[in-house]
Each structure stands twice: as structure tokens, then as C-alpha cells.
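> Sequence first, predicted coordinates after that:
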Amino acid sequence: MHINDKSNYKTYIPKEDRYQKISYNRSGKSGVLLPAISLGLWHNFGKYDHMANAEAILRTAFDHGITHFDLANNYGPPYGSAEESFGLLYKQNFKSYRNELFIATKAGYDMWPGPYGNHGSRKYLISSIDESLQRMNLEYVDLFYHHRPDPNTPLEETAIALYDIVRQGKALYVGVSRYNTDETNEMAKLLKELKVPFIIHQSRYSLFDRSIENNLLTTLAENKLGCIAFSPLAQGLLTDKYISRIPENSRALKSKTYLDVNAVEEKLPVVKKLNAIAQNRGQKLHQMAISWLLNQKGITSVLVGVSSPNQLEENIKATHNTLFSEEEIKQIHMLTHSFK
Ligand SMILES: NC(=O)c1ccc[n+]([C@@H]2O[C@H](COP(=O)([O-])OP(=O)(O)OC[C@H]3O[C@@H](n4cnc5c(N)ncnc54)[C@H](OP(=O)(O)O)[C@@H]3O)[C@@H](O)[C@H]2O)c1
């Protein structure tokens, strides 16, 4: 990332009315309120991205009452660099607002070479949180996730590592991501016995991936857990950006491993039909995709990624219209129920 030109650098003063701009939902039955829309730093905060743009995105978020920033040890590229960028920007902009922020990081995917830099062992999780805190210039994170289940490490070992991380004051709350129903139930039971504040499940959920509706949302409700929906726009597919062409700087061209041109072309007919429904509602497709999620029972927050401050402002407008007519719900269901 490029360091800002200091001569033009403006000290950040957050907007005073920021808490009037968005609503906050309780995460399960915990004491934690999260903004209806949260910001993820998976893309656009790495070493090769523009620091000024990343800073503008974070400032726009906080100015609109978005208090929750979501990271992971391996966000970048390269791994660790999103946390480093965040750490630098945090120090420059948000340090005096630490108590107003709810910052999350995760470990669970490959992070460093050798047998201890991946999955769910105590060795990996405890080393990883220490490194994350250093990179982010933080004394603690608000939320630490086990990023994905590890079939080869006993769940008890992962649970006890999470317990220790909380007891050592390195995280206030814990969560899991990508755990299925059985794994979530088991982890909830273990963490309850250990009295660890387990508050949330991070799950992929969008009009193009409704699989958590099958069982997981019920399991989360039964365990009094919140749910934060990641990739709500299917990485940009659920917007009107790909309708007429694939733009130069879009994720489908830039990061072919996560969203590729074939996936875009395959989904385009449905995207166009959803876009027509959104237009009839007086919304953009990205707004309808987010509004629809906010209308689903059990969703605490919708976790968006953005490549510009303007995209974030556009997405926040989704919160202005979250009511759907029965006919709209029916039409959307017809087009997307097969993605369950
Ligand atoms: N737990 C996990 O395993 C996991 C996995 C994935 C993500 N996550 C978390 O979830 C966050 C969000 O995921 P995601 O980035 O895939 O979410 P997403 O919101 O589905 O996709 C973000 C992309 O959509 C496009 N976009 C967003 N708003 C737009 C708008 N108003 N108009 C046009 N295009 C728009 C942008 O693409 P362009 O770059 O093309 O402009 C943006 O980079 C991540 O940052 C991360 O924190 C977690």
C-alpha cells in the first residue's frame, strides 16, 4: 500500500450524526449490537491496493454508523497485509474511537508454512491471534472466529484455545464460520460449558446461496446465536455491473479464483430478472439483495465488501427499504429457491 502524501492529509473527524444513520441488531441473545450492515476487508485492503481508497472506505463506514469491521489473518494479498493496512489506518484515524468499534479477525485457513499455520489446533489459533493483534495495532479484538471447521483437530481442543484467548483478554467474544449444523451444535455445547461468550456464526448467504435456510438458521436460533451473512452480493454478481459487460476493474476480471467470467455468464439471465424486480421496487439490484437478507429472520448483520466509498454508500441505502410485498417475495423465490 502507498503511504499518503502528508502535505494533503486531512485529520479525520467522524460525523457527529453517525449513530442516526443505521439500525443495530442484537447478535442472538448476547449483549452485542451490530450494525445492519458491516464492512469486510477481504479485498481492497491488501499490500497492492490504494491506501487512500481504503482509508476513505473506512471513514465512510464509520461516518454512517458502521462500527463493525471484519478481518482475517490471511486477508490481503499477501496474507496479513489487510490487517497491516487496517492497523495503520486505525492508528491514523480511529485510535481514539476504539470503544466505539467492534473489530473481528479469524484464523482457520493456511497462514504460514509448516504444520502449525493452518486449521484448528491450539498451537495455530493462539499464535495467530498474537500476530493479528500486532499487525492491527490492537490490544484485543472484539470478536475472534475459528474461520472454518477442522475435521482432524478435536473440537474440544479448538474450544479450549478459544476459551484461553478470551481469558487472556485477547478477544472479548468468539464466533465460528462455515461450521455446519452438527459442528455448530457441538461447538455451542462445549463453549457453553466453558462459559465462553460465543455470539455469532458467519455464513455465506445471498440470493445466490440460500443453503443456510435448510437447517443452519434454525440451529443458530436454537443456540441463541447471531448470524452475519458474508458475500451478500455474491461478490458483485448481484449488482447491475455485469449486465451489459464485464468492467475492467471488476472482481470477475481481477481475482479470477473467486469469481470468474463463466460464473458471471451463467447467472446473467437470473441477474437480469432480479434486476427488473428491483427496478419495480425503486431499488438497485445490490440494494434489493441486501434488503432481502435484512428481511430474513435471524440475520444480525449483512457483511459487505466494497471497492469504493460510493459502493458502500449505495449499499447502505438498502436499509431504507426492507419491506417486500407478497408478490415480490414470490417472484424472488421462484428465481432463487434452487440455490437453497
Ligand atoms: N468467513 C468466510 O469464510 C468469508 C468468506 C468470504 C468473505 N467473508 C467476509 O465477507 C466480506 C464480504 O464478502 P465479499 O467481498 O465477497 O462481499 P460482496 O458484498 O458479496 O462482494 C463485494 C464486491 O461486490 C462489488 N460491489 C459491492 N457493492 C457494490 C455496489 N454498490 N455496486 C456495484 N458493485 C458492488 C464489489 O466488486 P468490485 O471489486 O468488482 O467492484 C465488491 O468488491 C469479506 O470482506 C469478508 O470480511 C468471509
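Happy to help now that I have it. Numbering: from 1, shown residues only.
> Surely Pro232 touches Ser206?
Yes - the pair Pro232 / Ser206 is scored as a contact, 5.0 Å apart, by CB atoms under 8 Å. Bear in mind the C-beta positions are built from the backbone N, C-alpha and C, glycine included.
> Please say which of the two ends up with more neighbours.
Neighbours around Pro232 and Ser206, counted as other CB atoms under 10 Å, are more numerous at Pro232. The numbers are 30 against 22.
> which residue packs closest to the residue in the stretch 201-340 of the chain that the ligand sits nearest to, ignoring adjacent ones?
Nearest residue of the stretch 201-340 of the chain to the ligand, counting by CB to the nearest ligand atom: Gly305, 2.2 Å away. The spatially closest residue to Gly305, leaving aside those adjacent along the chain, is Gly40, at 4.7 Å (CB to CB, 6 or more residues apart in numbering).
> Check the gap between the spatially most central residue of the chain and Ala52 for me.
With distances taken as CA atoms, centre = their mean, Leu303 lies nearest the centre of the chain, 3.7 Å away. Going from Leu303 to Ala52 by CB to CB, to the nearest Å gives 23 Å.
> And for Asp150?
Asp150 sits 38 Å away from Ala52, going by CB to CB.
> Check Leu238 too.
Distance, Leu238 to Ala52, by CB to CB: 28 Å.
> repeat for His320
Taking CB to CB, one finds His320 at 29 Å from Ala52.
> neighbour-wise, which of the two wins?
Neighbour tally, His320 and Ala52, criterion other CB under 10 Å: the higher count belongs to Ala52, 15 against 9.
> burial measure for Gly65, as a count.
22.
> State the pLDDT value of Ser255.
Each residue has a pLDDT score; the one for Ser255 is 71.
> what residues are up against Leu194?
Listed by CB atoms under 8 Å, 6 or more residues apart in numbering, the contact partners of Leu194 are 159-160, 163.
> can you list the residues that contact stretch 108-123?
For stretch 108-123, contacts defined as CB under 8 Å, 6+ apart pick out 72-74, 79-80, 124, 127-128, 145-150, 152-153, 157-158, 160-161, 164, 177.
> Kindly export the host helix or strand of Ala276 (C-alpha atoms) in PDB.
Using DSSP states H and E, the element containing Ala276 is helix 261-280. In PDB, the C-alpha atoms belonging to helix 261-280 read as follows (Å, rounded to 0.1, in the frame of the first residue of the first chain):
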ATOM      1  CA  VAL A 261     -16.300 -14.800 -16.100                       C
ATOM      2  CA  ASN A 262     -18.000 -18.200 -16.600                       C
ATOM      3  CA  ALA A 263     -19.900 -17.800 -13.300                       C
ATOM      4  CA  VAL A 264     -21.000 -14.300 -14.300                       C
ATOM      5  CA  GLU A 265     -22.200 -15.500 -17.700                       C
ATOM      6  CA  GLU A 266     -24.000 -18.500 -16.200                       C
ATOM      7  CA  LYS A 267     -26.000 -16.400 -13.700                       C
ATOM      8  CA  LEU A 268     -26.700 -13.400 -16.000                       C
ATOM      9  CA  PRO A 269     -30.200 -14.500 -17.100                       C
ATOM     10  CA  VAL A 270     -31.400 -14.600 -13.500                       C
ATOM     11  CA  VAL A 271     -29.500 -11.400 -12.600                       C
ATOM     12  CA  LYS A 272     -31.400  -9.600 -15.300                       C
ATOM     13  CA  LYS A 273     -34.800 -10.900 -14.000                       C
ATOM     14  CA  LEU A 274     -33.900  -9.900 -10.400                       C
ATOM     15  CA  ASN A 275     -32.800  -6.500 -11.700                       C
ATOM     16  CA  ALA A 276     -36.200  -5.900 -13.200                       C
ATOM     17  CA  ILE A 277     -37.900  -6.800  -9.800                       C
ATOM     18  CA  ALA A 278     -35.500  -4.400  -8.100                       C
ATOM     19  CA  GLN A 279     -36.300  -1.600 -10.500                       C
ATOM     20  CA  ASN A 280     -40.000  -2.100 -10.000                       C
END
